[in-house]
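Asker: Here is a sequence together with a model predicted from it:
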Amino acid sequence: MENVDMKSQAVYKKPTFMEKYSSLIKYILKRLLLMIPVILIISLIIFTIVEFMPGDPLNAFLNPEQLTGTTEEILQKRQFFIEKLGLNDPFIVRFFRWWGQILRGEFGYSVIKNRPVKEFIGEHFMNSFKVNLFGFALAFIIAIVVGIRSAVKRNSIFDKFWTVFSIAGISLPRFFMAMLLIFIFSITLGWLPISGMSDPLGLRPGYQYYILPVSVITLASLAPLIKYVRNSMLEVLKQDYIRTARAKGLGEKVVIYRHAFRNALIPVVTLLGAYIPALFGGSIIVEKIFVWNGIGSLIRDSYTFRDRSVLIVALTFFALLTLLGNLMQDVGYSLVDPRVREGGNK
């Protein structure tokens with residue numbers, strides 16, 4: 001009897017963290033390794049496009065004040081800097097030299113800011129990240145709650161209201177939402193500031209400057225997310241195993257949140273990976289309207305003034321963000337459906 005008990009204990013031993021998630025960890029490491037050649041190819045394409053943009057290539061590396069003096073002196077300085085910076089070297093040599101500078105934390109010189117890119121690029125990234133993170137997190141939480149309830153209470157007043165809201169939200173562009181919120185809450189009611197990131201006089205608290213940009217991003221993200229969650233939940237509720245669970249006498253909350261919810265998340269998780277880079281891309285319009293000092297406004301200005309160093313770094317960041325979004329999408333998908341990572345590790 002003791003031997004039987006020992007065998008049963010060995011069979012039902014609780015797996016460790018590594019045993020439970022070893023396949024997921026291998027899957028993530030495999031995807032990270034595959035990202036290295038992809039980001040090299042994408043950065044090569046970006047570098048090529050920006051390199052052949054019209055304009056003076058020295059502007060991507062030099063402070064304009066360094067090219068002053070008589071015509072002859074300017075020509076001598078230009079030739080000196082062209083040789084010093086290796087602009088006459090083969091294209092592929094310049095590309096790998098640029099990657100070496102990136103790995104050392106040297107991103108070039110900005111014509112717009114008149115200072116090295118590394119001194120301000122992080123601040124712009126964080127400004128955009130904070131607004132987009134708050135807006136998207138809020139939209140995702142609301143969409144999950146509203147989408148599930150709309151599916152469960154199909155054709156009710158609650159469901160019809162949010163269906164109309166989703167259609168309107170998808171149809172309206174972000175700039176219209178932004179202008180509408182500014183007109184209501186800033187011009188008409190005077191509750192919130194029209195634009196900017198802070199009050200130089202200190203008359204308004206800083207959090208008020210976040211409310212309108214975050215609200216626009218939340219509303220723009222909320223409408224399609226509610227639609228996807230609702231439709232996905234409706235599709236799952238039609239499945240045979242849901243009817244079986246109800247026939248066994250399980251409570252409605254157990255059926256909805258334990259059996260239906262996890263499977264309904266699969267298409268939603270697939271959507272999230274594509275949303276991350278799209279959020280930062282869409283924030284260009286929001287940042288322009290609200291004069292928000294983020295990466296979107298920086299890309300717009302750098303393209304207008306042909307600031308090559310900033311453009312290359314920012315566009316490479318968007319490419320990396322897209323790859324990370326796809327990775328998060330696949331990891332989330334594999335957490336919801338373990339068959340994905342088991343198939344990927346074969």
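Answerer: In hand now; what should we look at?

Asker: and whichever strand or helix holds residue 46, how far out from the chain's middle?
Answerer: Element membership for residue 46, per DSSP states H and E: helix 17-51. Relative to the centre of its chain, helix 17-51 is centred 16 Å away, using C-alpha atoms, centre = their mean, to the nearest Å.

Asker: Please apply the same query to stretch 180-194.
Answerer: With C-alpha atoms, centre = their mean, you get 28 Å for stretch 180-194.

Asker: Just the buried residues of that stretch, please?
Answerer: 181, 182, 185, 192, 193 (16 or more other C-beta atoms under 10 Å). In this view, the C-beta of every residue, glycine as well, is placed from N, C-alpha and C.

Asker: Reformat those as TSV; add pLDDT and distance to residue 151.
Answerer: Compiled in TSV, these are given as follows (pLDDT from 0 to 100; distance: C-beta to C-beta, whole Å):
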residue	pLDDT	distance to residue 151
181	89	29
182	89	34
185	88	32
192	82	34
193	83	39
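
Asker: Next step: these restricted to helices.
Answerer: Using DSSP state H, residue 181 are the members of the buried residues of stretch 180-194 that sit in helices.

Asker: the helices in the stretch 51-200 of the chain, which residues?
Answerer: 71-85, 91-103, 121-152, 157-171, 174-181 (DSSP state H, counting those that start in this stretch).

Asker: Next, format the ones you listed as a markdown table and append distance to residue 34.
Answerer: Below are those laid out as a markdown table (distance: least, C-beta to C-beta, whole Å):
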| stretch | distance to residue 34 |
| --- | --- |
| helix 71-85 | 33 |
| helix 91-103 | 18 |
| helix 121-152 | 25 |
| helix 157-171 | 33 |
| helix 174-181 | 33 |
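
Asker: so which of those is the most packed in?
Answerer: helix 121-152 (a mean of 19; mean count of other C-beta atoms under 10 Å).

Asker: And it, what does it pack against?
Answerer: The elements that helix 121-152 packs onto, with contact taken as 3 or more C-beta pairs under 8 Å, 6 or more residues apart in numbering; DSSP states H and E, are helix 157-171, helix 208-237, helix 261-289, helix 295-304, helix 308-336.

Asker: Just tell me which of those helices ends up closest to residue 95.
Answerer: For residue 95, the closest of the helices and strands packed on helix 121-152 is helix 308-336, at 10.3 Å, according to C-beta to C-beta.

Asker: Which of the residues in that closest one are classified as buried?
Answerer: 308-323, 325-327, 329-334, 336.

Asker: same question, stretch 292-300
Answerer: 292, 293, 294, 295, 296, 297, 298, 299.

Asker: any idea what sits nearest the second one, other than its immediate chain neighbours?
Answerer: So the one you mean is residue 293. residue 127 (5.5 Å; C-beta to C-beta, 6 or more residues apart in numbering).

Asker: And for the last one?
Answerer: In space, and not counting its chain neighbours, residue 299 is closest to residue 314: 4.9 Å by C-beta to C-beta, 6+ apart.

Asker: Check the spacing between the one you found and residue 261 real quick.
Answerer: Counting by C-beta to C-beta, to the nearest Å, the gap from residue 314 to residue 261 is 38 Å.

Asker: Same question for residue 35.
Answerer: With C-beta to C-beta as the criterion, residue 35 and residue 261 are 31 Å apart.

Asker: Quick one: residues contacting the residue nearest to residue 299.
Answerer: For residue 314, the contacting residues are 121, 295, 298, 299, 302, by C-beta atoms under 8 Å, 6 or more residues apart in numbering.

Asker: need those in JSON lines with distance to residue 167, can you?
Answerer: Listed next are these as JSON lines, based on distance: C-beta to C-beta, whole Å:
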{"residue": "121", "distance to residue 167": "39"}
{"residue": "295", "distance to residue 167": "31"}
{"residue": "298", "distance to residue 167": "34"}
{"residue": "299", "distance to residue 167": "31"}
{"residue": "302", "distance to residue 167": "36"}
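
Asker: And those residues, which is closest to residue 151?
Answerer: Checking the contacts of residue 314 against residue 151 with C-beta to C-beta, the nearest one is residue 295 at 36.1 Å.

Asker: residues contacting that closest one?
Answerer: 124, 125, 127, 128, 280, 283, 314, 317.

Asker: which one of those residues is nearest residue 161?
Answerer: residue 283 (28.0 Å).

Asker: If we ignore the residues flanking it in sequence, what's nearest the residue nearest the centre of the chain?
Answerer: The C-alpha lying nearest the average C-alpha coordinate of the chain belongs to residue 276 (C-alpha atoms, centre = their mean; 2.6 Å). What sits nearest to residue 276 in space, not counting adjacent residues and going by C-beta to C-beta, 6+ apart, is residue 325, at 3.8 Å.

Asker: again with residue 221
Answerer: residue 139 (3.8 Å).

Asker: separation between that neighbour and residue 220?
Answerer: 8 Å.

Asker: for residue 260, same thing?
Answerer: 28 Å.

Asker: got it, and residue 138?
Answerer: On the measure of C-beta to C-beta, residue 138 and residue 220 end up 12 Å apart.

Asker: Then residue 40?
Answerer: In terms of C-beta to C-beta, residue 40 sits 33 Å off from residue 220.

Asker: Name the residue in those two with the higher neighbour count.
Answerer: Each of residue 40 and residue 220 has its neighbours counted (other C-beta atoms under 10 Å); residue 220 has more, 25 against 12.
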